[in-house]
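Asker: sequence and predicted structure are below.
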Amino acid sequence: MLLEIDFGNTRLKWRLLDVHTSELKATGTAVSGDDLLVALLKSGCKKLDFCRICSVRTTADDAQLARLVENRYGVQPVFARSEDRLAGVKNGYLDASKLGVDRWLAIVAAFENIKGACVVFDCGTAITTDYIDAVGEHLGGCIAPGLKLMSSMLRNCGGLAECESGGSMGSMVLGRTTQVAVRSGIYGMATGLIKEALELAENKLNADFTVFCTGGDAVLVKQVIPQAVMVDDLVFQGLAIACPYIRS
């Protein structure tokens with residue numbers, strides 16, 4: 001079996017693939033490495049041939065997760081890193097290693113899908129936007145707080161409930177309770193960012209381009225840009241490109 005892990009800021013996403021056919025066997029989320037091992041046990045995973053990881057966590061967190069996997073399955077995980085070039089894409093950061101690896105993998109996967117100009121929205125803990133031109137040059141990007149993060153900043157406003165992830169937020173309204181008013185404001189800020197990002201893409205790319213969106217709140221991008229392509233596993237696609245399994 002082949003284990004893929006996306007170790008994010010707030011949760012750990014994982015999936016198991018058949019090592020020979022790449023067929024998806026199981027998938028899920030966990031809050032810690034220990035929870036991951038429990039989930040893998042429940043899925044019937046008794047043996048691993050390979051493990052690859054995309055992580056935006058600390059070096060200590062990465063080391064702890066790697067130890068858990070190695071101690072349980074005897075496999076040393078391979079971690080993806082942001083590089084200067086990969087699969088026809090040129091990293092646009094002044095220091096390539098400083099670009100978040102999850103963003104980098106999504107960028108690489110998006111370009112690999114169409115071999116042309118594209119914009120990548122990743123809507124999770126943060127909302128990130130990255131721009132890639134027709135020849136694979138990453139032009140840079142933007143980062144803003146995600147829906148839940150914006151909501152948590154105003155948690156003390158009249159018992160505000162957090163924005164639900166993964167669902168339609170509707171539209172801006174004139175709130176007559178604090179909760180509705182804050183939700184409306186967050187929606188306006190997020191959709192305004194998406195509209196500005198689209199205008200920037202039209203200005204910078206000067207060509208036809210494809211909009212990709214991924215992450216727990218990717219549906220928000222679809223609300224604003226109906227033609228956007230939702231790809232749930234975009235980071236995992238990039239992870240497979242960066243850390244291929246080579247059969248011995």
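Answerer: Sure, I can see it.
Asker: report all helices and strands that the helix or strand bottoming out on mean pLDDT in the chain contacts.
Answerer: Across the helices and strands of the chain, mean pLDDT, DSSP states H and E gives its lowest value to helix 147-153, namely a mean of 83. Counting contacts by 3 or more CB pairs under 8 Å, 6 or more residues apart in numbering; DSSP states H and E, helix 147-153 is packed against helix 178-205. (Glycine included, C-beta is placed from N, CA and C.)
Asker: in the helix it packs on, what's buried?
Answerer: Going by neighbour count (16 or more other CB atoms under 10 Å), the buried part of helix 178-205 is 181-184, 186-187, 190-191, 193-194, 197-198, 201, 205.
Asker: mind listing residues that contact the helix or strand following that helix?
Answerer: Heading C-terminal from helix 178-205, the first helix or strand you meet, by DSSP states H and E, is strand 210-214. By CB atoms under 8 Å, 6 or more residues apart in numbering, the surrounding residues in contact with strand 210-214 are 106, 110, 113-114, 116-123, 198, 201, 221-222, 225, 227-235.
Asker: domain boundaries for this protein, per the record?
Answerer: Domain ranges of the chain: 2-79, 85-238, per automatic domain parsing.
Asker: ok, which of these comes nearest P244?
Answerer: Closest approach to P244 among these (CB to CB): domain 2-79, 8.6 Å.
Asker: that closest one: end-to-end distance?
Answerer: Across its full length, domain 2-79 reaches 14 Å between end residues, using CA to CA, to the nearest Å.
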